[in-house]
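Novice: mind looking at a prediction? Sequence and model below.
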2 protein chains.
Amino acid sequence: MGKLLNEKGQVYRNEIAWEIFSDSIKKLQPSGIFILTDENINKHCLPYFLKRNNFEIVPQIITIPAGEIHKNINTCLKVWETLSEKGADKNSLIINLGGGVITDLGGFVASTFMRGLPFINIPTSLLAMVDASVGGKNGIDLGHVKNQIGVINLPEMVILDTEFLNTLPAEHLTSGLAEMLKHGIIHSKEYWERVKNIDVSKKLEFEALIWDSIEIKKEIVTKDPLEKNLRKTLNYGHTLGHAIESYFLEHPQRKTLLHGEAVAAGIVLASYISVETYGFTKESLQDVSKTIFKYFPKQSFEKNDIEAIINLLVFDKKNRNGQVLFVLMEDIGHHRTDCIVSNELIYSAFDYYKNF
Amino acid sequence: MGKLLNEKGQVYRNEIAWEIFSDSIKKLQPSGIFILTDENINKHCLPYFLKRNNFEIVPQIITIPAGEIHKNINTCLKVWETLSEKGADKNSLIINLGGGVITDLGGFVASTFMRGLPFINIPTSLLAMVDASVGGKNGIDLGHVKNQIGVINLPEMVILDTEFLNTLPAEHLTSGLAEMLKHGIIHSKEYWERVKNIDVSKKLEFEALIWDSIEIKKEIVTKDPLEKNLRKTLNYGHTLGHAIESYFLEHPQRKTLLHGEAVAAGIVLASYISVETYGFTKESLQDVSKTIFKYFPKQSFEKNDIEAIINLLVFDKKNRNGQVLFVLMEDIGHHRTDCIVSNELIYSAFDYYKNF
């Protein structure tokens, strides 16, 4: 198989991206092309993708059911078996076309099939664009524990086309905003001020914010690819956010939360805890909370919910020696990692959330 | 967690190995130690291992059923779940104590749990010592296709203690010889002459051959870690060997072959094909065949077996565009990679094997 000239993991945008994509496939000369999608993508994004690109060999489509609940080892097993049946070899190329579930699971499947096939990510959701597209993290859930199994491995490239965002239901678009708001809080007041007043109907402004969000994440993962320190800041709001998401996933009577919806709640909670521990100002907390509740509905948490959510914290990947370690903020743009937080304080944070 | 001073993947031997092992654990200061073993290892090797080492924290033992048939995703899932239940975190250390199934599966489990925990391999079989211990390949079988799922990722270190070989049943010791003989054929006449007359009862001589075998493999994988060319030579005898092993695995009425037994047959077949295609001499073929049959019993292959084995070749990881690519030899120490071989010639090779 040929080699790409580009450095792995590069993100390309809109028009130029498709040209580079097309050139790269010609250079790679894969023995087979396999496009991983889900049922929704098949309907809403695949036709546009296929119309935009001419392939010398006919790509084979592998479709998995949509939704976080399918981001597990059983789905991987089915995709591995399908690749095997369809004759994928070490020179085959995988294209992951879809939201975060597709790029996460597809990246893992590609990284492990025959000990690693090349893959290209084409995120179609805002969340996947601003979060999953950068940094090479992939993976699947283990039971209800999020992203417990995976590897870090960069795609050959990432193709970003904001055209896909027009296919998203409104709540999915908002879900991606949570990560952009997080990038604002951990990065700088300047970006926070811009992103908190985001108006998705102003296409050019919105796109500029997306690119900047990606640049912020890229800068962080380049400085600390193995998450020794700085990269942990990307988990701001995620310690409780992931636990909330897991809790809702394992209770079918609750509406499944989108990742961004869970993270949005996690951001408010972590910001409250930051006030109580590291001097994050009450004004900033007010600002963050108001912004979050402008975009995200409030979730209801009863005492027994909170208890169960706290119990789920033990599975957080940042933990050490059984201690849950949070990322907290001293100020917008100034973080603290490896912070120990008492359960009492977590309960108070939920109180604050409820009463805001 | 602390860092090891050593370069990853280093192999240490006997006495000094245990000192380095012990020092390294002190430096690593893992939050938990998890030893992956199987039922046989628990009985024959674990007591010696635990007696040799004092741990500051009590290691937890995770035992899987013994045998290649369990080298699959279900076993991984159980081990991942056990790690999760027992509170493993990113600072936990996995120790894979066992034969090739344990180091292959354990390496994969460790490389993917929380996107990668550090692990140490302690191979207890000759096969795992001379083959699986070097190069960082790990993985599991997909259905009956060998090593179809996995990654390349080096352990923190490899601890080799030939004391473990005393615990091996005779046929398991012989199984490891196949890889050493292969190293002889692909490396040089000098090593081939030494290894073909191996006498496992002469401890020092035997050990010297093991270290040299490891050095040969190490030299190859260092020059070509990603198997672009030279590393493919390590697959000598494995294209048909793996297919034979898979075939026997999926036919429960046939005795399951040990990896080395299947590779031994594969070596004779590949050597015959090398004579017919690239001028490997008949004398060398005679020499290789006599040596193999000195250690390994002849297997019986009927026409329908051979047909099925040829059909399994499509899953070989060296294939490209649906073509099966062999490694063949021009002479001992002189290889050719990416060789296309006709089915007719494969049938003739099985004829030669049968009539030798």
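Specialist: Nice, I can see it. Numbers count the residues shown, from 1 in each chain, chains lettered A, B, ... in the order given.
Novice: which stretches of the stretch 151-300 of chain A form helices?
Specialist: Secondary structure of the stretch 151-300 of chain A (DSSP state H, counting those that start in this stretch): helices located at A:170-187, A:189-196, A:203-223, A:238-249, A:259-278, A:282-295.
Novice: quick check: which of these is nearest to chain B?
Specialist: Chain B lies closest, by Cβ to the nearest Cβ, to one member of those: helix A:238-249, at 12.1 Å. In short, each C-beta sits where N, CA and C put it, glycine included.
Novice: give me the angle between that closest one and helix A:170-187.
Specialist: With axes from the mean of the first three to the mean of the last three Cα atoms, to 10 degrees applied, the angle from helix A:238-249 to helix A:170-187 works out at 160 degrees.
Novice: tell me what helix A:238-249 is packed against?
Specialist: Here helix A:238-249 touches strand A:145-149, helix A:259-278, helix A:303-312, strand A:325-331, going by 3 or more Cβ pairs under 8 Å, 6 or more residues apart in numbering or on different chains; DSSP states H and E.
Novice: can you list the residues that contact the third one?
Specialist: Translated: helix A:303-312. A:144-145, A:240, A:242-244, A:246-247, A:301, A:343, A:346-347, A:350 (Cβ atoms under 8 Å, 6 or more residues apart in numbering or on different chains).
Novice: on that earlier part again, among the helices and strands packed on helix A:238-249, which is nearest A:G184?
Specialist: helix A:259-278 (10.2 Å; Cβ to Cβ).
Novice: identify each buried residue in that closest one, please.
Specialist: Buried residues in helix A:259-278, counted by 16 or more other Cβ atoms under 10 Å in any protein chain shown: A:259-277.
Novice: now the terminal residues of stretch A:163-173, how far apart.
Specialist: End-to-end distance for stretch A:163-173, by Cα to Cα, to the nearest Å: 13 Å.
Novice: wait, a helix at A:T37?
Specialist: No - read with DSSP: H, G, I helix; E, B strand; the rest coil, A:T37 is strand and lies in no helix.
Novice: how many neighbours does it have?
Specialist: Per other Cβ atoms under 10 Å in any protein chain shown, the neighbour tally for A:T37 reads 25.
Novice: next, find the distance separating it from chain B.
Specialist: Going from A:T37 to chain B by Cβ to the nearest Cβ, to the nearest Å gives 21 Å.
Novice: specify the beta-bridge partners of that residue.
Specialist: A:T63 (DSSP bridges).
Novice: contacting residues for it?
Specialist: Counting by Cβ under 8 Å, 6+ apart, A:T37 has contacts A:45-46, A:61-64, A:97-98, A:102.
Novice: do you know the pLDDT at it?
Specialist: Model confidence at A:T37, given as pLDDT, is 98.
Novice: what do you get for A:A308?
Specialist: pLDDT, A:A308: 95.
Novice: same question, A:S111
Specialist: 98.
Novice: same question for A:A132.
Specialist: pLDDT, A:A132: 83.
Novice: give me the contact list for stretch A:332-342.
Specialist: Applying Cβ under 8 Å, 6+ apart, the set of residues contacting stretch A:332-342 from outside is A:184-189, A:192, A:229, A:232-233, A:236, A:273, A:277-278, A:284, A:318, A:320, A:323-330.
Novice: now those residues: which count as buried?
Specialist: For the contacts of stretch A:332-342, buried by 16+ other Cβ under 10 Å: A:184-187, A:192, A:232-233, A:236, A:273, A:277, A:284, A:318, A:324-329.
Novice: A:D199: neighbour count?
Specialist: So A:D199, with other Cβ under 10 Å, has 9 neighbours.
Novice: what's the distance between it and chain B?
Specialist: 36 Å.
Novice: just A:E250 next, same as before
Specialist: 14 Å.
Novice: then A:G32?
Specialist: Counting by Cβ to the nearest Cβ - A:G32 and chain B are separated by 8 Å.
Novice: now do A:M129
Specialist: Taking Cβ to the nearest Cβ, one finds A:M129 at 21 Å from chain B.
Novice: returning to that earlier point: now rank the contacts of helix A:303-312 by neighbours and give me the top one.
Specialist: Counting neighbours by other Cβ under 10 Å, A:L240 comes out on top of these with 30 neighbours.
Novice: low-confidence stretches in the stretch 1-150 of chain A?
Specialist: Segments of the stretch 1-150 of chain A classed as low confidence (criterion: pLDDT under 70) are A:1-6.
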